[in-house]
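Colleague: Kindly return the folded structure for what I paste below:
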Amino acid sequence: MDPDQHTRTRRMFLHAAVVLGTLSAARVLFPSGEGTPETGPPPAPTPAKPSGADGGPLMTAERPGPGSAPGPFRLRPMAGETSRSGPGASPPHPDVAFHLSTDRREVFLTFDDGPHPAHTPDILRILRRHDTRATFFVIGENAVEFPGLLHALADDGHAVANHTWSHPQLTTLPPGAVHSELGRTSALIEDVLGTAPDLARAPYGDWDDPSLSICNALGMSPVGWAVDSQDWTAPGAETIAYTVLDALHPGAIVLSHDGGGERSQTVEALDWYLPRLLDEGYRPVRIVP
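Modeller: Below you'll find the model as predicted:
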């Protein structure tokens with residue numbers, strides 16, 4: 001065999017090897033009859049709906065059924081961004097508000113740590129009975145379980161605000177974790193209600209400069225309180241009621257809780273003191289930045 005013929009033969013063998021290798025790889029990547037493999041996360045399983053005390057369904061939004069794509073509130077919270085966040089985001093009031101200026105006898109009732117499947121509806125019924133509004137600082141872990149309660153709050157005209165995802169002390173966390181706690185909750189609220197919150201409260205009221213900067217960057221005004229109902233100490237409904245009434249003044253932000261524990265004392269106290277503060281000329285309204 002002359003050198004030219006030897007070279008041509010060698011090239012033919014190499015070409016055949018390349019073709020066979022390509023076909024083998026294709027069989028591995030695209031098995032016969034299966035087509036291109038799917039990408040993305042698998043659909044989330046459908047959890048069983050909890051039942052209320054009367055055996056009926058709780059106020060929850062419909063979850064995705066088998067074979068359906070995961071609902072947006074299961075995807076978006078991981079991103080931690082909302083329509084209010086990003087470059088140039090600036091809340092109306094970047095500093096912590098403890099009371100609000102008003103030329104009327106307005107007060108601002110706030111409820112933390114919900115939504116709760118029993119206590120939140122009880123509080124809603126009392127507020128509805130007296131045609132009053134409040135601000136609810138919700139925890140993401142609770143809100144994702146009861147999105148229907150977010151709708152109930154918004155439908156009654158109350159403000160739905162951010163109280164972090166899992167109620168940590170923000171001043172002990174690195175900035176990335178603070179952003180996740182606040183950002184995931186804002187994204188969840190926006191996914192459920194169509195509007196991102198513009199108010200946030202730090203657990204324990206504990207802000208520092210880094211957490212305030214992140215709150216502001218997410219387009220939210222930070223909120224504290226002027227009157228602590230002390231309901232979290234469970235001192236009894238009468239004590240809670242008089243703690244609120246004795247300290248109340250126009251523009252006061254009042255701290256109470258609809259979640260985070262057994263809150264029947266809070267419900268009983270609200271039912272007692274709300275008509276009395278109305279008789280004294282006070283008007284509870286929601287916080288508007």
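
Colleague: Give me the buried positions along stretch 136-151.
Modeller: Neighbour-count burial for stretch 136-151, counted by 16 or more other CB atoms under 10 Å, picks out 136-140, 142-151. The C-beta positions use only the backbone N, C-alpha and C, and glycine is treated the same way.

Colleague: tell me the two of the residues you listed that are most distant?
Modeller: By the measure CB to CB, Phe137 and Gly148 form the most distant pair in these, at 18.1 Å.

Colleague: Hmm, Leu182 and Ile214 touching each other?
Modeller: Yes: counting by CB atoms under 8 Å, Ile214 does reach Leu182; the two are 6.2 Å apart.

Colleague: Those two: which has the busier surroundings?
Modeller: Counted by other CB atoms under 10 Å, Ile214 and Leu182 do not tie: Leu182 has more neighbours, with 28 against 22.

Colleague: May I have the phi/psi pair for that one?
Modeller: phi -80, psi -40 (degrees, to the nearest 10).

Colleague: Give me the pLDDT for it.
Modeller: For Leu182, the model assigns a pLDDT of 98.

Colleague: Also Tyr273?
Modeller: Reported pLDDT for Tyr273: 98.

Colleague: for Ala26, same thing?
Modeller: Looking at Ala26, its pLDDT reads 35.

Colleague: just Gly56 next, same as before
Modeller: Reading off the model, Gly56 has pLDDT 32.

Colleague: His6 too?
Modeller: So His6 comes in at 44 (pLDDT).

Colleague: Going along the chain, name the helices of the stretch 51-200 of the chain.
Modeller: 119-129, 140-143, 147-155, 175-193 (DSSP state H, counting those that start in this stretch).

Colleague: Which elements pack onto the second one?
Modeller: Counting by 3 or more CB pairs under 8 Å, 6 or more residues apart in numbering; DSSP states H and E, the packing neighbours recorded for helix 140-143 are helix 175-193.

Colleague: shaky segments in the stretch 51-200 of the chain?
Modeller: Low-confidence segments of the stretch 51-200 of the chain, defined by pLDDT under 70: 51-80, 88, 90.
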